[in-house]
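Colleague: Sequence below, structure please.
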Amino acid sequence: MNYFTLANVEIPLLSDIVVIFGLATLVILLFMRLKIPTIIGFLFTGAIAGPYGLSLVNASTAVEVLSEIGVILLLFVIGMEFSLKSLLSIKKAVFIGGSLQVGLTIGITTLLTYSFGFDWNVAVFFGFLFALSSTAIVLKLLQEYGQVNTIPGRTTLAILIFQDVIIVPLMLFTPMLAGESDNVLLSLLFLALKGALVILLTIVTAKYIIPHLLYRVTKTRSEELFLLSIILTCFAVAYVTSLLGLSLGLGAFLAGLIISESDYSHHATGKILPFREIFLSFFFVSVGMLFDISFLYEHLLIIFGLTALTFVVKFVVVAISVRAIGQGFKEAFMVAFSIFQVGEFSLLLAKEGLKYNLLDPSTYQYFLAISILTMTITPFVLKKRETIACGILNLPLPSRLNRKFGNENIPNVLLETKELKDHLVIIGYGLNGRNLSKAAKSANIPYSIIETNPETVKEESVKGEPIMFGDAANSAVLEHVNIHKARVAVIAISNPEATKRIISAIRLITQNPYIIVRTRYLGEMEANLKLGANEVIPEEFETSIEIFTRVLDKYLVPKHDIDDFTIEVRSHKYEMFRNLSTEINSKFRVDLPDINFVSLKVEKDSGDLINKPMKEARIRDNYGVNIVAIKRKNKTISEITGDEKLKLGDIIYAVGKPEALEKFEAEIEVD
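Modeller: Numbering: from 1, shown residues only. Modelled structure (predicted):
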């Protein structure tokens, strides 16, 4: 058996991956031209490639496993963007808002389903299914739109967290609804104890273990080891929670919270994001593969009607739940427009329903059609949720309702965060970065620092510097410092390849900041400018300019002329220093005066010029030297009179021709 035959036998998923990614690439290219969200493209890809479409994919079970990894990584990244403090700040939204939303949805859905003629146990199970929303889709969209940290965004996340926790007891209740004799109440008690244990371990690990471990890992400067440590933390915690009977997603979220308490969360986020995107695409494809398009076509009106009913019921329930925790109508509507869909955990729960005969195949297809349709319209509704919410609030209503809607008192349930804008981003905290931060601080310019040395980050953060650990070529790190709102970004590192990656990463996100780059050599200028840098300062020639300007200063060249010269040298990209035969066309020409300005020390205590009034010594007449000032001990005498005397130890500032100064120096200094 040759290698290719062996690969085909042992890795059947390989051909499916090629089919999925190849088809998804074509579909998403088309959808992007039509400005349709990529999530819909993945769902459509699954529908085409799945068993109800062209049956192009065989290893559907393996695809589901990969999709589960995508959901785990999504919740892990969300956890890393949070902290235990920020999570505690929305505990009201989690426990009160979440429990109200789930409880009311189950209750209303149960009544509606029972009225349609279903048995009460099946009706309750439908309540379970429709109570859950899509964490994967909603959080991905909130991240793309930069709305995770808004009040509606965090309230949405709070309710989704509660849903992800409640899925476990719902799955435990499912066998009881089917007539099983398991002691569910005892199981719930054990589950509560396990949950408390996991939360305690999370707090301890986040505070005492992981920050120190990651500090040791980052000190090695090995990106591979850092990535391995992050992935290990994610899957280890998820595995432990699954062993305790909790969901993998909850474990991944807790793992993210653990990482978030360290200084390395944003750097870790950037490392994980590419993996998350790949695996999460399998999730959306796997959902699409369940979709029977022919069933939708045959029952189109019924499915559309049930989808609209689902939207209305979940919208009203979510809005009531959010209002109950004290938030305004606008926020309530925005959250309701975010989580009206049926979620991925509902699909998992539906499979349990099939297993226990709570759903028949036809009902299951109805449920799948409603789920996928609500998921499909989610990106369009969520993107416009604020506009739609404001439109509803601006509808002409009776005066009593208008007053009620107009006098909202929106409490701030979140931690206040100061948003950086019009600021300076300093990349690299070496000597240049430190000096730049000091100058910015003294000028009252807001700034943020990105540094890859964990020891520096640890030391400077204690001092109160706005510094974070991370690779500035990482988009997640750049977004954390609001690079798109920065006025200036200064790259002050000595690695030329890293500098190029950082410039490219910044320009991929935004064209806003003025990028200044420090390089060692002039040869690096052109490449950096082409990548998007606005100004490149080569260290080797800037040193030359600095030395030469001081030389010119000593030749008493006017400062204005020196400034003109340095500007012209820089504008010609230092060509004067690169090629000795090159002359720049400059108006600046040095007309050197035949005089010097020097400082001399009186080392004699006697002589023709010592301890004698200057009007008698006649220094200007006899030596051709003008004394400008005398420094005696700690006092500088700038007004020289004829009665002033030169004394031992005086520092004399004198102007004259070189030969005159030499003659004068011989009279006051010891040979």
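
Colleague: Which residue ranges of the stretch 101-250 of the chain form helices?
Modeller: Ranges of helices within the stretch 101-250 of the chain are 120-131, 135-144, 151-177, 184-204, 210-219, 223-243, 248-260, based on DSSP state H, counting those that start in this stretch.

Colleague: Out of those, flag the one nearest T378.
Modeller: Closest approach to T378 among the helices of the stretch 101-250 of the chain is made by helix 135-144 (5.5 Å; CB to CB). Heads up, the C-betas are built off the backbone N, CA and C, glycines and all.

Colleague: and that closest one, which residues are buried?
Modeller: For helix 135-144, the neighbour count (16 or more other CB atoms under 10 Å) marks 135-143 as buried.

Colleague: Same check on stretch 506-524?
Modeller: 506, 513, 515-519, 522, 524.

Colleague: now for the helix or strand containing K438, which elements pack on it?
Modeller: Using DSSP states H and E, K438 maps to helix 431-442. For helix 431-442, the packing partners by 3 or more CB pairs under 8 Å, 6 or more residues apart in numbering; DSSP states H and E come out as strand 424-427, strand 447-451.

Colleague: Adding mean neighbour count, distance to E459 and mean pLDDT, write those strands out as JSON lines.
Modeller: Below are the helices and strands packed on helix 431-442 laid out as JSON lines (neighbours: other CB atoms under 10 Å; distance: least, CB to CB, whole Å; pLDDT from 0 to 100):
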{"stretch": "strand 424-427", "mean neighbour count": "26", "distance to E459": "16", "mean pLDDT": "93"}
{"stretch": "strand 447-451", "mean neighbour count": "24", "distance to E459": "10", "mean pLDDT": "92"}
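
Colleague: Put together a markdown table for those, with distance to I210 on each row.
Modeller: Below are the helices and strands packed on helix 431-442 laid out as a markdown table (distance: least, CB to CB, whole Å):
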| stretch | distance to I210 |
| --- | --- |
| strand 424-427 | 26 |
| strand 447-451 | 20 |
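
Colleague: Out of those strands, which is closest to G343?
Modeller: G343 lies closest to strand 447-451 among the helices and strands packed on helix 431-442, at 36.4 Å (CB to CB).

Colleague: what's the nearest residue to S67 once chain neighbours are set aside in contact with, if anything?
Modeller: In space, and not counting its chain neighbours, S67 is closest to F283: 3.5 Å by CB to CB, 6 or more residues apart in numbering. Counting by CB atoms under 8 Å, 6 or more residues apart in numbering, F283 touches 66-68, 70-71, 136, 344.

Colleague: what about the helix or strand that contains F283, distance to the chain center?
Modeller: Under the criterion of DSSP H and E, F283 resides in helix 265-289. Distance of helix 265-289 from the chain centroid (CA atoms, centre = their mean, to the nearest Å) equals 16 Å.

Colleague: so after it, what's the next helix or strand?
Modeller: Once the chain leaves helix 265-289, the next helix or strand it forms, by DSSP H and E, is helix 293-298.

Colleague: what comes up buried for that next one?
Modeller: Neighbour counts over helix 293-298 (16+ other CB under 10 Å) mark 295-296 as buried.

Colleague: what's it packed up against?
Modeller: Checking 3+ CB pairs under 8 Å, 6+ apart, helix 293-298 ends up next to helix 361-383.

Colleague: Which strands or helices does the following helix or strand past the helix it packs on pack on?
Modeller: Using DSSP H and E, the helix or strand that follows helix 361-383 in sequence is helix 385-393. The contact analysis (3+ CB pairs under 8 Å, 6+ apart) places helix 385-393 against helix 329-336.

Colleague: And the nearest residue in space to I493 that is not next to it in sequence, how close does it get to R507?
Modeller: Nearest residue to I493, sequence neighbours excluded (CB to CB, 6+ apart): G428, at 3.8 Å. Relative to R507, G428 is positioned 18 Å away (CB to CB, to the nearest Å).

Colleague: What mean pLDDT does the longest strand seen in the chain get?
Modeller: In the chain, taking DSSP state E as the definition, the longest strand is strand 625-632. Averaging pLDDT along strand 625-632 yields 87.

Colleague: Now that strand: buried residues?
Modeller: Buried-residue list, strand 625-632, by 16+ other CB under 10 Å: 625, 627, 630-631.

Colleague: Tell me how this structure divides into domains.
Modeller: Domain assignment for the chain by automatic domain parsing gives 3-398, 424-533, 596-668.

Colleague: Between these, which one is closest to P558.
Modeller: Distance to P558, taken as CB to CB, is lowest for domain 596-668 among the domains of the chain, at 13.4 Å.

Colleague: where exactly do the strands run in the stretch 501-650 of the chain?
Modeller: Using DSSP state E, counting those that start in this stretch, the strands of the stretch 501-650 of the chain run over 514-519, 535-538, 596-601, 625-632, 635-637.

Colleague: can those strands go into CSV with extra columns for distance to D263?
Modeller: Converted to CSV, the strands of the stretch 501-650 of the chain look like this (distance: least, CB to CB, whole Å):
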stretch, distance to D263
strand 514-519, 25
strand 535-538, 30
strand 596-601, 50
strand 625-632, 50
strand 635-637, 50
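
Colleague: Which of these sits closest to V318?
Modeller: strand 514-519 (43.6 Å).

Colleague: what comes into contact with the closest one?
Modeller: Residues outside strand 514-519 that contact it (CB under 8 Å, 6+ apart): 432, 487-493, 496, 499, 503, 506-507, 525, 528, 532-539.

Colleague: Drop anything exposed from the residues you listed.
Modeller: Here, 16+ other CB under 10 Å leaves 432, 488-493, 499, 503, 506, 525, 528, 532-533, 536-538 buried among the contacts of strand 514-519.
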